[in-house]
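Undergrad: Return atomic coordinates for the entry below.
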Amino acid sequence: MLHESFVKLFWLHFDSVPEAAAWFHVNPVTVRRWLSGWMDVNPMAEKLLIIRARGYMPDDTRWTGFRIDEDYAVIVTPTGRRFSPKELDSWAERVDEYHALKRMYELDYIPVRSNVVTPLPFRGGRRAKEAQGDTVTKEKKKEYRKIRAKRNK
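TA: Modelled structure (predicted):
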C-alpha cells in the first residue's frame, strides 16, 4: 500500500492518533511516524487497516456488502438490516424449535430456499439448476417411506 493511500484510509477510519495507536497496540509516536512518512508502515498495520475498512468480513463473494459496525456491535447486511450477537445466537434455537414442531405435527411443507444469493464456490461444476423445494402430499410421503423401507431390508 502506498503511503498516501494509507494516510487517506487512516483518516477515514480514525478520529485521532491516540485512538489509532490504541487500536494498533503501538505508541502514538509510531503512528505519527507512519503518517509523516518518516518511517515505513508496518505491513501488519496495513493489513489490519484494510480489514477494518472492509468491516472485518472475509474476502469472499458470499460476504459482499456485509460489514460489522464496531460502535453498535452489530452485523449490517447489504440491505441495511442489523443483527446483534444475541439475536444471531438465538437463531439456532429458533431453527431447532421449528424442526421439532415440524416433526411433532408432521408438517409436509418443504420451503423453497429464497435467500440463495450466489452459488457456493468450488463445487466442481455440479451446481443446482434451480432452487429445490416443493409441497409434498401425505400419500407421496407414505410412498417414500415404503420405498425406503424396501431398500433397508
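
Undergrad: So for this structure, the centremost residue is which one?
TA: Ranked by distance to the mean C-alpha position of the chain (Cα atoms, centre = their mean), the top residue is residue 63 at 5.2 Å.

Undergrad: ok, now which ones touch that one?
TA: residue 57 (Cβ atoms under 8 Å, 6 or more residues apart in numbering). All C-beta atoms are positioned from the backbone trio N, CA, C, and that covers glycine.

Undergrad: Any figure for the gap between it and residue 57?
TA: From residue 63 across to residue 57, the span is 4 Å (Cβ to Cβ, to the nearest Å).

Undergrad: Model confidence score at residue 59, please.
TA: According to the prediction, residue 59 has pLDDT 66.

Undergrad: likewise residue 80?
TA: Looking at residue 80, the pLDDT reads 91.

Undergrad: packing partners for the helix or strand that contains residue 29?
TA: Taking DSSP states H and E as the definition, residue 29 sits inside helix 28-36. In terms of contacts (3 or more Cβ pairs under 8 Å, 6 or more residues apart in numbering; DSSP states H and E), helix 28-36 is packed against helix 3-13, helix 17-24.

Undergrad: buried residues in that helix?
TA: 30, 31, 34, 35 (16 or more other Cβ atoms under 10 Å).

Undergrad: Return the member of these nearest to residue 97.
TA: residue 31 (48.9 Å; Cβ to Cβ).

Undergrad: Contact partners for the closest one?
TA: Per Cβ under 8 Å, 6+ apart, neighbours of residue 31: 17, 20, 21, 24.

Undergrad: what sits against the last one?
TA: Think residue 24. Residue 24 neighbours (Cβ under 8 Å, 6+ apart): 30, 31, 45, 48.

Undergrad: do the first one as well
TA: Residue 17 is in contact with 28, 31, 32, 35, counting by Cβ under 8 Å, 6+ apart.
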